[in-house]
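Novice: Fold the following.
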Amino acid sequence: MSENKNLYLTKIEKNDFKYIYEWFSDMEFLKFYDYLPPVPQSKEEVDKTFAYYEKNEESEVFTIKLSDSRQIIGIAGFDDIVKENKVATLFIGIGNSNSRGRGYGREALHLLLDHGFNKSGFYRIQLNVLEFNHRAIALYEKAGFKKEGTFREFVLRDGKRYDLYLYGLLKREWNK
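Specialist: Numbers count the residues shown, from 1 in each chain. Purely as a prediction, here's the structure:
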């Protein structure tokens, strides 16, 4: 478990899923969370996804919880882990709409980077972000991530095409 003043990351518990089910049926959350089409998922689909994460050695998934109330506000983690290369792809989603825009994404990112670089031993952490997710892009760039590429017009949303950006951060570049 990683913790700072306001948040901590921990493994997903059974009672966390009632919130996760809500988020994965929330179009506003899904619009920014992934490059896949923002289609609400059933309980069974969510269970299948998280069961895959749990069994897969190429993933580490955590809940983001408030330190004072222990309330779950989001999920974060790494997938596509290539242990031999010490590389992982990072993801963060603040699912609780009342918790968005309060700096929790920044704190969760710091906890996740600390965990990835110092506990999991990653040398490189990368991520994908949609071109219209301006707040996330600003957050990642402020944390030291470098834009390394663009998948042009990769995503189709509401009849319009958007780029998907690839960002990367090396351990030696990270500003703790």
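Novice: Where does the prediction get shaky in this protein?
Specialist: 1-3, 176 (pLDDT under 70).
Novice: at 50 what do you get?
Specialist: Scanning the chain for pLDDT under 50 picks out nothing.
Novice: Identify, by residue count, the longest helix of the protein.
Specialist: Using DSSP state H, we find that the single longest helix of the chain is helix 43-55.
Novice: other SSEs contacting that helix?
Specialist: helix 17-23, strand 60-66 (3 or more CB pairs under 8 Å, 6 or more residues apart in numbering; DSSP states H and E). In short, each C-beta sits where N, CA and C put it, glycine included.
Novice: Could you identify which of these is most buried?
Specialist: strand 60-66 (a mean of 21; mean count of other CB atoms under 10 Å).
Novice: Show me what that strand is in contact with.
Specialist: Here strand 60-66 makes contact (CB atoms under 8 Å, 6 or more residues apart in numbering) with 6-13, 16, 50, 53-54, 71-79, 81, 88, 92, 94, 99, 104, 108, 112, 115, 120.
Novice: Restricted to helices, list the residues you listed.
Specialist: Checking the contacts of strand 60-66 against DSSP H, those in helices are 50, 53-54, 104, 108, 112.
Novice: Which of these sits closest to residue 139?
Specialist: Within those, proximity to residue 139 (CB to CB) peaks at residue 108, which comes in at 9.8 Å.
Novice: Contact partners for the residue of the chain positioned farthest from its centre?
Specialist: Outermost residue of the chain with respect to the C-alpha centroid, by CA atoms, centre = their mean, is residue 159; its distance is 25.5 Å. Residues near residue 159 by CB under 8 Å, 6+ apart: none.
Novice: and it, how far is that from residue 175?
Specialist: Going from residue 159 to residue 175 by CB to CB, to the nearest Å gives 40 Å.
Novice: Weed out the non-buried ones from the contacts of strand 60-66.
Specialist: Listed as buried from the contacts of strand 60-66 are 6-9, 12, 16, 50, 53, 72-78, 81, 88, 92, 94, 99, 104, 108, 112, 115; burial here means 16 or more other CB atoms under 10 Å.
Novice: Show me which residues of stretch 98-107 are buried.
Specialist: By 16+ other CB under 10 Å, the buried positions in stretch 98-107 come out as 99-100, 104-105, 107.
Novice: So what touches that stretch?
Specialist: By CB under 8 Å, 6+ apart, the residues outside stretch 98-107 that reach it are 4-7, 64, 66, 73-74, 92, 94, 135-136, 139, 142-143.
Novice: Stretch 42-56 too?
Specialist: Applying CB under 8 Å, 6+ apart, the contact partners of stretch 42-56 are 12, 17, 20-21, 24, 41, 59, 61, 77, 79.
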